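Visitor: okay, sequence plus prediction incoming.
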Amino acid sequence: MSSLLVHNIGELVTNGIGADPLGIRRKAAVLVEEDQVAWVGPAAYAPAADHRIDVGGAAVLPGFVDSHAHLVFAGDRAAEFAARMAGEPYTGGGIRTTVGATRAATDDELRATVRRLRGEALRQGTTTMEIKSGYGLSVADEARSLRIAAETSPETTFLGAHVVPAEYADRPDDYVGLVCGPMLAAAAPYAKWIDVFCERGAFDVDHARAILACGQAVGLGVRLHANQLGPGPGVRLGVELGAASVDHCTHLSDADVDALAGTAHSDGFGTRTVATLLPGAEFSTRSPYPDARRLLDAGVTVALATDCNPGSSYTSSMPFCIALAVREMRMTPAEAVWAATAGGARALRRDDIGVLTPGARADLIVLDAPSYLHLAYRPGVPLIRQVIRNGVPQ
Ligand SMILES: [Zn+2]
């Protein structure tokens, strides 16, 4: 068994058990055996290993867990972004533009885009990335989107209910039938999760409930896009169905926050349904940010993710989202870093990632900085010096 010692760590974020939520250790070392963390402790007591990386007093964190991304698409929507910045509102209707381009693309073109964006994210410290379908919206195009996504990530999500495609515009019930029937059957072998864009202009609560229930019936976990563009029943539907995560949460009522808080684990370990906030979307659509403080103060587990997609948030950068969360959403730097690592893991119902404790997967990032604080303090600066994924330096 080959071993690797990451040594001379000035500040180690473990997200482990302790009074401090980040479980910080100073002057630390991490021993990696194969693809797992085998030991964490003081550098002075570090065991011998086959290989050593001396990080020279830098900060080391768990790799980022980006639990919400749409990578399987073709084309871009830079012109739509420019129009928005000139004052046009965001409605979500541009999704259909990407659907046309995606259907016209070859498998290899789609695969190249997924790999390019996944590589871009990895260089910025993302060691786990969820990938959704949702720009095919036909049986064949949704199935191939997920087949291509599954080549890159085990965290794949069937989002056939992203919008109603143009050819079904006047018969949405028929489209819901297609999603629940042949499209789900073709997609499910490549998917772990099912998602619905539950929003005015996309899918109403009854359609969303029907689609998510069909996914659950074939063993897919539930997550959904909810309460992004306005108030609505999406968050409470997610709670009702036991969703792992409700994503966006930009427009919440007191009842929505209470419903999320009501999913608390009895051991004080946060909430069973995570609120995943996607500040890149508010940035790129020039919209008000979600109220992270209200959720945190109510005891709701919060995750941060990029929502990487060509329309409303074309960033793959978790450090950028951390900086936005701190500056614009009044999260502390510690809360934002936790949400981008352990929070993302909770949103994917994973306990082997987002933490650096013995038995966890050896996904580590080394910063070009002495502290995690620099991720928000030095926005826009490439601070990820090295990424180790599955125990392998990248
Ligand atoms: Zn999304």
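Guide: Structure received. Model, not experiment: these values are computed from the prediction. Numbering: from 1, shown residues only.
Visitor: can you pull out the low-pLDDT segments for this protein?
Guide: 17-18, 91-93 (pLDDT under 70).
Visitor: ok, now how distant is residue 3 from residue 392?
Guide: Noted for residue 3: a distance of 13 Å to residue 392, by CB to CB, to the nearest Å. The C-beta positions use only the backbone N, C-alpha and C, and glycine is treated the same way.
Visitor: who has more neighbours out of the two?
Guide: Set residue 3 next to residue 392 and count neighbours by other CB atoms under 10 Å: residue 3 wins out with 17 against 13.
Visitor: the residue nearest to the more buried one when sequence neighbours are not counted in helix, strand or coil?
Guide: Once flanking residues are discounted, residue 3 sits nearest to residue 49: 4.2 Å by CB to CB, 6 or more residues apart in numbering. Under DSSP: H, G, I helix; E, B strand; the rest coil, residue 49 falls in the coil class.
Visitor: burial of residue 49, as a residue count?
Guide: Using other CB under 10 Å: residue 49 sits among 19 other residues.
Visitor: test my guess that it contacts residue 29.
Guide: No: taking contacts as CB atoms under 8 Å, residue 49 lies outside contact range of residue 29: 9.2 Å.
Visitor: identify the contacts common to these two.
Guide: residue 5 (CB atoms under 8 Å, 6 or more residues apart in numbering).
Visitor: just the helices in the stretch 251-394 of the chain please.
Guide: If DSSP state H, counting those that start in this stretch is used as the criterion, the helices of the stretch 251-394 of the chain fall at 254-261, 279-285, 292-297, 318-329, 333-338, 344-347, 374-377.
Visitor: out of those, deepest packed?
Guide: Ranked by mean neighbour count, these are led by helix 344-347 with a mean of 28 (mean count of other CB atoms under 10 Å).
Visitor: can you give the distance of it from its chain's centre?
Guide: Using CA atoms, centre = their mean, to the nearest Å, the mean C-alpha position of helix 344-347 is found 8 Å from that of the whole chain.
Visitor: swap in stretch 279-292?
Guide: Using CA atoms, centre = their mean, the offset of stretch 279-292 from its chain centre is 15 Å.
Visitor: equivalent analysis for stretch 38-49, please.
Guide: 31 Å.
Visitor: do the same with stretch 190-205
Guide: 16 Å.
Visitor: how far does that stretch stretch from one end to the other?
Guide: Taking CA to CA, to the nearest Å, stretch 190-205 runs 26 Å from one end to the other.
Visitor: mind listing what's buried in it?
Guide: Residues 190-199, 202-205 are the ones in stretch 190-205 that count as buried (16 or more other CB atoms under 10 Å).
Visitor: keep only those of those that are in strands.
Guide: 193, 194, 195, 196, 197, 198 (DSSP state E).
Visitor: I'd like those residues laid out as a markdown table, including distance to residue 306.
Guide: Compiled in a markdown table, these are given as follows (distance: CB to CB, whole Å):
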| residue | distance to residue 306 |
| --- | --- |
| 193 | 17 |
| 194 | 20 |
| 195 | 15 |
| 196 | 20 |
| 197 | 17 |
| 198 | 20 |
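Visitor: and which of those residues is nearest residue 11?
Guide: Among those, residue 193 lies closest to residue 11 (CB to CB), at 33.8 Å.
Visitor: look up which residues are beta-bridged to that closest one.
Guide: residue 157, residue 221 (DSSP bridges).
Visitor: now do the contacts for it.
Guide: Here residue 193 is in contact with 130, 155, 156, 157, 158, 215, 220, 221, 222, 223, 244 (CB under 8 Å, 6+ apart).
Visitor: do that again at 10 Å, thanks
Guide: 67, 130, 132, 155-159, 215, 220-224, 243-245, 348-349 (CB atoms under 10 Å, 6 or more residues apart in numbering).
Visitor: next one: residue 197
Guide: Here residue 197 is in contact with 92, 95, 134, 159, 161-164, 203, 208, 224-226, 228-229, 234, 247-248 (CB under 10 Å, 6+ apart).
Visitor: how about residue 180, nearest residue that isn't a chain neighbour?
Guide: Nearest non-adjacent residue to residue 180 (CB to CB, 6+ apart): residue 214, at 4.0 Å.
Visitor: run a quick check on the one you found versus residue 187, I expect a contact.
Guide: No: judged on CB atoms under 10 Å, residue 214 makes no contact with residue 187 at a distance of 11.1 Å.
Visitor: name the residues contacting each of these two.
Guide: 179, 194, 220.
Visitor: could you check how far the first one is from residue 159?
Guide: Looking back up the chat, that one is residue 179. 10 Å.
Visitor: for the residue nearest the centre of the chain, give its distance to residue 302.
Guide: Nearest to the mean C-alpha position of the chain, counting by CA atoms, centre = their mean, stands residue 67 at 1.9 Å. For residue 67, the distance to residue 302 (CB to CB) stands at 12 Å.
Visitor: residue 211 now?
Guide: Remark: distance between residue 211 and residue 302 (CB to CB) = 26 Å.
Visitor: any common contacting residues for residue 67 and residue 302?
Guide: Residues touching both residue 67 and residue 302 by CB under 10 Å, 6+ apart: 274, 276, 343, 346, 347.
Visitor: closest to residue 333 among these?
Guide: Here the nearest of those to residue 333, counting by CB to CB, is residue 343; it sits at 13.8 Å.
Visitor: ok, the closest one touching residue 275?
Guide: Yes: counting by CB under 10 Å, residue 343 touches residue 275, with 9.2 Å between them.
Visitor: overlap in contacts of those two?
Guide: In contact with both residue 343 and residue 275: 245, 301, 302, 303, using CB under 10 Å, 6+ apart.
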